[in-house]
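Peer 1: quick one, fold the following:
(chains A, B, C and D)
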2 protein chains.
Amino acid sequence: MKTRPYHHGDLRAALLTRAEQTLREKGPAELSLRELARETGVSPAAPSRHFRSKQALLDALALEGFDRLTTAMVEAHDRAGESFADQFAGLTRTYVSFATANAALLELMYARKHEAGAPDDLIASMHRLADLAMSLITAGQQRGEIREGPVERLAVPLFAMLQGLTALILSGALQPDQVEESLDETIALLLRGYAP
Amino acid sequence: MKTRPYHHGDLRAALLTRAEQTLREKGPAELSLRELARETGVSPAAPSRHFRSKQALLDALALEGFDRLTTAMVEAHDRAGESFADQFAGLTRTYVSFATANAALLELMYARKHEAGAPDDLIASMHRLADLAMSLITAGQQRGEIREGPVERLAVPLFAMLQGLTALILSGALQPDQVEESLDETIALLLRGYAP
DNA sequence: CTCCCAATGTAGGCACTGATAACAATGTAG
DNA sequence: CTACATTGTTATCAGTGCCTACATTGGGAG
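Peer 2: Residues are numbered from 1 along each chain as shown, chains lettered A, B, ... in the order given. So this is what the prediction gives:
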């Protein structure tokens, strides 16, 4: 019988994928470093070599989430048509779709951000995401499809809407079969509100 | 030296107020039943007589929060003027104001709602709040200040906006001095979007 | 090639948590 | 006055995150 090698090989990655799985299944509250170690077949203290604290692991997970979301949105932007409405709808949909597919992850991503000790890379990731949305708005303004005004101010309702819509979906306030029509309604309302 | 009486008097209420205080100061994660008991000057197992589990205490806190928020919104509605825009702005502002003043509480209120075992009274409280907003919309429709359509559908962007705006504020994405102008911007955008 | 050392894993223990069971004090209904 | 339900207390359990000391490994310097 071949014994398990002393060194795991890539414990860090193994922990992360396993953690995301249990996060998806049972939520962040149920995530335990010890149990994670148990499931990965490693000693209880082993994870500490890769993640100084439980929070550090959660941060790493959140960071990964931001990366995935950002690339998804960039791809959606490239894939969308020329018209502002198209791009707008495209970005909104991919955001919401990511949110529904990765509910717990997104919750984690935003839960972590308004606490004091948020790491720099996390904050940077979030800003990158925000910039994406802002550039969409300035583009719309240049085409005359969005009313004028400072971007930071105009962007607030958009952010709020995205954030709020996903919150509604995650919280179960919106049934899955209502999501599509709610999205339509919301996008239409935003476009009317943003019209010059 | 007078010894502390065996019976506390109103432990349940004492625990709740103390719990809300620490919730406000240190967030829900740091809330510990044992510490609560310690601060209240009572044995570690005493709280279990009033709250079967930690979750039960959090639920009670959330329920209290919903009650307070609902009454605040009802009062705001009564205080507001006749015009739809007035009422709309009034409700939005009180909601956001409650959110900023009771950040952690509100987070708790919504965190609990999308988990399986949410108690009935909590769910009922949330529906009461939702009905309030919906009735605002139907009233607006009757006055011809809001486009027609099913209320449940029209209400979604409003809920999303409220939820999202508070999320932005709580998360620190909006600086306190930006809140007022963001609110103005958002309310105006919503009114344009809702216009017939 | 060898030896040393940094990286990675293990063993054990500490302080803390929430939960539960068995027991004690209290106040009250009959 | 007494039986009893309520509300505290004590003790204990399993589980957690984190820390220190030790073991094993593999790769780079000589």
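Peer 1: just want the phi and psi numbers for residue A:171.
Peer 2: Backbone torsions for residue A:171, taken as degrees, to the nearest 10, come to phi -80, psi 0.
Peer 1: what about it, distance to DNA strand D?
Peer 2: From residue A:171 across to DNA strand D, the span is 25 Å (Cβ to the nearest atom of the strand, to the nearest Å). In short, each C-beta sits where N, CA and C put it, glycine included.
Peer 1: how about the strands in chain A?
Peer 2: Along chain A, no segments are classed as strands by DSSP state E.
Peer 1: what residues does chain A have near DNA strand D?
Peer 2: Chain A comes close to DNA strand D at residues A:5-7, A:31-35, A:44-45, A:48, A:52-55, as judged by Cβ under 7 Å from any atom of the strand.
Peer 1: name the helix or strand of chain A that has the lowest mean pLDDT.
Peer 2: When the helices and strands of chain A are scored by mean pLDDT, DSSP states H and E, helix A:103-113 comes last with a mean of 85.
Peer 1: what about chain B: which of the residues of chain A next to DNA strand D touch it?
Peer 2: When Cβ under 8 Å from any Cβ of the partner chain is applied, no member of the residues of chain A next to DNA strand D is adjacent to chain B.
Peer 1: identify the spatial nearest neighbour of the most centrally placed residue in chain A, chain neighbours not counted.
Peer 2: In chain A, the centroid-proximal residue (Cα atoms, centre = their mean) is residue A:106; its distance is 4.4 Å. Using Cβ to Cβ, 6 or more residues apart in numbering or on different chains and skipping the chain neighbours, the partner closest in space to residue A:106 is residue A:99 (5.2 Å).
Peer 1: now do residue A:119
Peer 2: residue A:59 (5.6 Å).
Peer 1: how many other residues sit next to the residue nearest to residue A:106?
Peer 2: 22 (other Cβ atoms under 10 Å in any protein chain shown).
Peer 1: around chain B, which positions in chain A sit nearby?
Peer 2: Applying Cβ under 8 Å from any Cβ, we find that chain A lies next to chain B at A:27, A:110, A:113-115, A:130, A:153-154, A:156-157, A:159-165, A:167-168, A:170-174, A:178, A:181-182, A:185-186, A:188-190, A:192-195.
Peer 1: so which of these are in helices?
Peer 2: A:110, A:113, A:130, A:153-154, A:156-157, A:159-165, A:167-168, A:170, A:178, A:181-182, A:185-186, A:188-190, A:192-194 (DSSP state H).
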